[in-house]
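**Q** compute the structure for the input listed below.
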Amino acid sequence: MASYTVNPAAAAHAQRLIDARQYVLRSDWGRVQPGAQAENAYLERHGWEEYAAWHLGLTDGAADETKARYAFAYGDLRRVHRMGLIACMYRAAEWRHKAIELAAHELLQRLDARSG
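**A** Sure, this is the predicted structure:
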């Protein structure tokens, strides 16, 4: 099983988006999360650093500037999705990636307080 560390740049990016009210409170995460085609288009326009900022996890041992390096997407490459954060929390809890779970939980609490 892969191991992950928290991507601090992604957590900071999500915090800035939440504070700027750039979020979606209700969505069908399975339908709105970016697919490979959307990710590739985003990468062409924005590069790896901005792409990485949409992923709470960094896959340990995976090379930088590969999709395998970045895990636990929380937004649609434009806004934070509440259901994206919940999905991150759930998946991380399911596979016992505690640091990712806690980072997603903190962001979810921030979003809920802000949108309150």
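**Q** what about the top helix by length along the chain, distance to the chain center?
**A** Among the elements of type helix in the chain, defined by DSSP state H, the one spanning the most residues is helix 98-115. Between the centre of helix 98-115 and the centre of its host chain there is 11 Å, according to Cα atoms, centre = their mean, to the nearest Å.
**Q** for residue 53, what are its contacts?
**A** By Cβ atoms under 8 Å, 6 or more residues apart in numbering, the residues touching residue 53 are 7, 9-10, 13. Where C-beta positions appear, they are placed from N, C-alpha and C, glycine not excepted.
**Q** do the same with residue 3
**A** For residue 3, the set of contacting residues under the criterion of Cβ under 8 Å, 6+ apart consists of 59-61, 97.
**Q** 10 Å - rerun?
**A** Residues in contact with residue 3 (Cβ atoms under 10 Å, 6 or more residues apart in numbering) are 57-61, 95, 97, 99.
**Q** restricted to strands, list the residues you listed.
**A** Among the contacts of residue 3, the members falling in strands (DSSP state E) are 57-59.
**Q** what's across from the closest residue to residue 4 other than its chain neighbours in the sheet?
**A** Leaving aside its chain neighbours, residue 4 sits nearest to residue 57 (3.9 Å; criterion: Cβ to Cβ, 6 or more residues apart in numbering). The residues paired with residue 57 through beta bridges, assigned by DSSP bridges, are residue 6, residue 71.
**Q** residues near residue 57, how many?
**A** Residue crowding around residue 57 was assessed by other Cβ atoms under 10 Å; the count is 26.
**Q** kindly report the same for residue 106.
**A** As a burial measure, residue 106 scores 15 neighbours (other Cβ under 10 Å).
**Q** what sits against it?
**A** Under the criterion of Cβ under 10 Å, 6+ apart, the contact list for residue 106 reads 11, 14-15, 85, 89.
**Q** farthest-separated two in those residues?
**A** The distance between the two most remote of the contacts of residue 106 (Cβ to Cβ) is 15.9 Å, for 15 and 89.
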